[in-house]
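> Dropping a prediction and its sequence here:
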Amino acid sequence: GNSVTQMEGPVTLSEEAFLTINCTYTATGYPSLFWYVQYPGEGLQLLLKATKADDKGSNKGFEATYRKETTSFHLEKGSVQVSDSAVYFCALRNSGGGADGLTFGKGTHLIIQP
Amino acid sequence: EAGVVQSPRYKIIEKKQPVAFWCNPISGHNTLYWYRQNLGQGPELLIRYENEEAVDDSQLPKDRFSAERLKGVDSTLKIQPAELGDSAVYLCASSFAGQRNEQFFGPGTRLTVL
């Protein structure tokens, strides 16, 4: 079946530090990959996505590249801000066989200190 | 444009009591999803609707959970009777049928079963 594994948190960084949150997946076929973000007290928001191998998704300074050879979709940002503090979820969607929901990782809590 | 609306935002009940959650998706979105998010975990799909038809309910515990989407717009998820292990956040999401890579999530209903 499908599964997503992401690094456990909390991850605590200082403002302007470089961020990497690791995500690897297991799936049959060619899933689409996503990063969602959940800010305190808010719902899940789509941060970025990639639908095929070697695609790079980007948004708000965050980037992630779909690596089929390593089954990974690591999230990166060059310089984090306090406002980036949130929980980040890696997810995949594999529409093969009629299934269509998202499969999520457990989430990584990111804390940015000023 | 209004997002996905859910109510109530919080619900506390005693075990064995019934409970219902309501979701109003984004206008025009044919596809509606219910997810359950346990503490410290990522969301897990319970059921997916295409218009008024439940097309994927394989993860819905049918002995106590039920859902409906009359008229293909609003949806209700019910638990009867609730158990302690049902304490979680229940998330509703919606998308256009042809754009399932763009799922929009509501703020969720946090259920506590005592």
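Yep, it's here. Keep in mind that this is a model prediction, so the values were computed, not measured.
> Spell out the residue ranges of the strands in the chain.
Going with chain A. A:3-6, A:11-14, A:19-21, A:23-26, A:32-38, A:44-50, A:56-59, A:62-65, A:75-77, A:86-93, A:102-104, A:108-113 (DSSP state E).
> Please refer instead to chain B.
Using DSSP E, strands in chain B cover B:5-7, B:10-13, B:19-24, B:31-37, B:44-50, B:53-56, B:65-68, B:75-79, B:88-95, B:104-105, B:109-113.
> Partner strands of the third one and their direction?
By that I understand strand B:19-24. strand B:5-7 (antiparallel), strand B:75-79 (antiparallel) (DSSP bridges).
> Let me see the mean pLDDT of the shortest one.
Pointing back at strand B:5-7 there. Average pLDDT, strand B:5-7: 96.
> show me the contacts for A:Phe73.
A:Cys23, A:Thr24, A:Tyr25, A:Leu33, A:Trp35, A:Ala50, A:Ala64, A:Thr65, A:Tyr66, A:Arg67, A:Cys90 (C-beta atoms under 8 Å, 6 or more residues apart in numbering or on different chains). Using the backbone N, CA and C atoms, a C-beta is placed for each residue, glycine as well.
> Looking at these, which is nearest chain B?
Using C-beta to the nearest C-beta, A:Cys90 comes nearest to chain B of the contacts of A:Phe73, at 8.4 Å.
> for the strands of chain A, which one sits closest to chain B?
strand A:102-104 (2.8 Å).
> Going by neighbour count, which residues in that closest one are buried?
A:Leu102, A:Thr103, A:Phe104 (16 or more other C-beta atoms under 10 Å in any protein chain shown).
> For the residues you listed, give me CSV that also has pLDDT and distance to A:Gln6.
Converted to CSV, the buried residues of strand A:102-104 look like this (pLDDT from 0 to 100; distance: C-beta to C-beta, whole Å):
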residue, pLDDT, distance to A:Gln6
A:Leu102, 90, 14
A:Thr103, 92, 12
A:Phe104, 95, 9
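> Is the most centrally placed residue in chain B bridged to anything, and to what?
Centrality entry for chain B: nearest residue to the mean C-alpha point is B:Trp34, 3.2 Å, by C-alpha atoms, centre = their mean. Beta bridges link B:Trp34 to B:Ile47, B:Cys92 when assigned by DSSP bridges.
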